[in-house]
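Participant: here is the input, now give the coordinates:
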Amino acid sequence: MPRTGWTFRKIWESRLSRRDRLELMGRRSPAWLVGIAYLPFGLYSGFLIYALQFLLTARGLSVDHIALLQLVTLLPSYTSFLLTPMMDCGLQRRTWAFIWAAVAAVCLGGGSLLMDRAAAGDATPMALVLLVGAFAAQIYSSTMGGMTPNLVDEKDTGAVSGWLNVANLGGTGLGGTIGILLVKHLSLHAAAFALAAEVFTPCLLLLVMAREVRVPRAVGETMRRLFVDIWTISKTRAAAIGLLIFITPSATFAAQNLFSGLGRDFHASDAALIWITGLGTAIVCSLGAAVGGWMCNRMDRRVLFVGTGVVAAMATLSMAFGARTATVFFAGVTVYNLLAGINYAAASAVAFDIMGVDNPLAVTQYAMLMAASNVAISTVIFGDQHAYNRHGAKGALLMDAAFSLITGSIILFVVAKWGGKGRESQMNIDAGAELV
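Facilitator: Numbering: from 1, shown residues only. A predicted model of the protein is given here:
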């Protein structure tokens, strides 16, 4: 019998029926189906990032207040990993996914009903409701990430990485656009119901997917052993180098967060700027993610992850030293966003390699890796903004390029010197055996 992980072996020996064992051995879902199931996170994010700003501005709320509101609702991207250990115990992960998708849907609908109250000066209720929903959407994404290696064939992890980022990135643009149209053309109550349905519906794909066959540990046991088990799984070479890749600001693509403010330095019109930094970014990044999914099966995913950041530095350097024209800006942003999409797909594929199959703390580990990546992004954003305040657009672009070139070169050296073959999920399987 092939060695496929501690959970599989333990289940095989005593806990599952013959039918379930055969299902676990042979049934897998197509990569595109699993990828599209990530849509709830993208749709929710799209409303927060794009639609909310447009709709609240139209209602007279100041830009400063909107920026603060969006900052609050983005907190879960850094902190949700504190709750994700619960998704690895107690209930099946698919059940947790349904629960969190429902919470996110209800919060999005409820939050949209509070927009007029927020515009009148009392934004706290809406902020709290949308914050809870953002936590739910983030945990839904992490739960899906934890399940994914067990839902697809190992050869499809690159493809599913591309598809899930197409869903997240494309869903962000779609969620923002649909949110604006619904609120503008329907009554607020009808729009709220439609927004909730929009977010929850994609998770129904879980009903037609292969089931993740596992026996979750009890909550008390998992919480008691949590830190010891995280250390056991994370101390392998593959996991350690993977965490280093995620937390190091080598391929953050943080300048995406500054482009909407840099457009005027390049004399770009407001209409063109809104398109290229909004829906245009979602489209180009989605295309990059599709290409990245294809590339992930043809080269070392860690090199692809970091290497795209190094190559993207060429785009920011060209913008920094190029003419201050809209053409230079749009060309640079397009190349940068295309590479960002490839990077996102590679990031997911690297995470799946680190996690491996039958990882008892898969959701926790996936969330930790994504949180580490968000810390790196915040670090570069802070540096870019500081450089912009002191030296303008050129300073911000040079700072972004410097992060990628310097730290990226170091990480690529580490991967080449000590990284091994890259797709070393078996190492995590061996470590997982210690958790029985």
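Participant: can you pull out the low-pLDDT segments for the stretch 251-400 of the chain?
Facilitator: For the stretch 251-400 of the chain, no stretch is flagged by pLDDT under 70.
Participant: count of residues packed around G109?
Facilitator: 22 (other Cβ atoms under 10 Å). (C-beta placed from N, C-alpha, C; glycine too.)
Participant: cool, L207 as well?
Facilitator: 9.
Participant: and what of P216?
Facilitator: With other Cβ under 10 Å as criterion, P216 counts 18.
Participant: which parts of the strand or helix carrying N337 are buried?
Facilitator: Applying DSSP states H and E as the criterion places N337 in helix 326-355. Within helix 326-355, the residues scored as buried using 16 or more other Cβ atoms under 10 Å are 326, 328-330, 332-355.
Participant: kindly report the same for stretch 201-218.
Facilitator: Quick answer for stretch 201-218 (16+ other Cβ under 10 Å): P202, C203, L205, L206, M209, A210, R211, E212, V213, R214, P216, R217.
Participant: ok, the closest residue in space to the first one that isn't next to it in sequence - contacts?
Facilitator: If I follow you right, that is P202. Distance criterion Cβ to Cβ, 6 or more residues apart in numbering; nearest residue to P202, sequence neighbours excluded, is L39 at 3.8 Å. Remark: with contacts taken as Cβ atoms under 8 Å, 6 or more residues apart in numbering, L39 is in contact with A167, N168, G171, P202.
Participant: and those, which is closest to G322?
Facilitator: Comparing those against G322 with Cβ to Cβ places N168 closest, at 30.7 Å.
Participant: surely that closest one meets P40?
Facilitator: No: using Cβ atoms under 8 Å, N168 is not in contact with P40, being 9.7 Å away.
Participant: neighbour count: the two, which is higher?
Facilitator: Remark: of N168 and P40, P40 carries more neighbours, 30 against 25, as counted by other Cβ under 10 Å.
Participant: any idea how far that one lies from G158?
Facilitator: 23 Å (Cβ to Cβ, to the nearest Å).
Participant: which ones are touching A191?
Facilitator: Applying Cβ under 8 Å, 6+ apart to A191 gives the contacts S112, L182, V183.
Participant: residues near the second one, how many?
Facilitator: Using other Cβ under 10 Å, L182 is surrounded by 21 other residues.
Participant: how about it, nearest residue that isn't a chain neighbour?
Facilitator: A191 (4.2 Å).
Participant: if we can go back for a sec, out of the buried residues of stretch 201-218, which one sits closest to A136?
Facilitator: Closest approach to A136 among these (Cβ to Cβ): C203, at 11.3 Å.
Participant: which residues touch that closest one?
Facilitator: So C203 contacts A37, P40, A97, F98, A101, Y140 (Cβ under 8 Å, 6+ apart).
Participant: what's the spacing between it and I99?
Facilitator: 10 Å.
Participant: which of the contacts of L39 sits closest to T79?
Facilitator: N168 (19.0 Å).
Participant: measure that closest one to D358 for me?
Facilitator: 25 Å.
Participant: kindly report the same for G242.
Facilitator: From G242 to D358 the distance is 18 Å (Cβ to Cβ).
Participant: these two: which is more packed in?
Facilitator: Taking neighbours as other Cβ under 10 Å, G242 and D358 compare with G242 leading, 28 against 24.
Participant: which residue is the nearest non-sequential neighbour of that one?
Facilitator: I354 (4.1 Å).
Participant: pull the number of nearby residues for the residue lying closest to A159 once chain neighbours are set aside.
Facilitator: For A159, ignoring the flanking residues on the chain, the nearest one in space by Cβ to Cβ, 6+ apart is A31 at 3.9 Å. Counted with other Cβ under 10 Å, the neighbours of A31 add up to 23.
Participant: so what's A31 up against?
Facilitator: A31 neighbours (Cβ under 8 Å, 6+ apart): V152, D156, A159, V160, G162, W163, G293.
Participant: over to R117?
Facilitator: R117 neighbours (Cβ under 8 Å, 6+ apart): A123, P125, M126.
Participant: count of residues packed around the second one?
Facilitator: This points to P125. 14.
Participant: quick check: which element contains it?
Facilitator: helix 124-151.
Participant: what's the helix or strand for the residue nearest to R264 when sequence neighbours are not counted?
Facilitator: Nearest residue to R264, sequence neighbours excluded (Cβ to Cβ, 6+ apart): L273, at 7.7 Å. For L273, the host element (DSSP H and E) is helix 270-277.
Participant: contacts for the helix or strand that that helix is followed by?
Facilitator: Next helix or strand after helix 270-277 toward the C-terminus (DSSP H and E): helix 279-296. Residues outside helix 279-296 that contact it (Cβ under 8 Å, 6+ apart): 31, 46, 157-163, 165-166, 169-170, 172-174, 176-177, 256, 259, 304, 308, 333-334, 337-346, 349.
Participant: any low-confidence regions in the stretch 51-200 of the chain?
Facilitator: 63-64, 67.
Participant: swap in 90 and give it another go.
Facilitator: Scanning the stretch 51-200 of the chain for pLDDT under 90 picks out the ranges 51-92, 115-124, 150, 152-157, 168-181, 184-185.
Participant: which residues in it form helices?
Facilitator: 52-58, 63-73, 76-79, 93-113, 115-119, 124-151, 157-185, 188-200 (DSSP state H, counting those that start in this stretch).
Participant: distance to M299 for those helices - can I get that in JSON lines?
Facilitator: Formatted as JSON lines, these follow (distance: least, Cβ to Cβ, whole Å):
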{"stretch": "helix 52-58", "distance to M299": "38"}
{"stretch": "helix 63-73", "distance to M299": "36"}
{"stretch": "helix 76-79", "distance to M299": "28"}
{"stretch": "helix 93-113", "distance to M299": "30"}
{"stretch": "helix 115-119", "distance to M299": "46"}
{"stretch": "helix 124-151", "distance to M299": "20"}
{"stretch": "helix 157-185", "distance to M299": "10"}
{"stretch": "helix 188-200", "distance to M299": "35"}
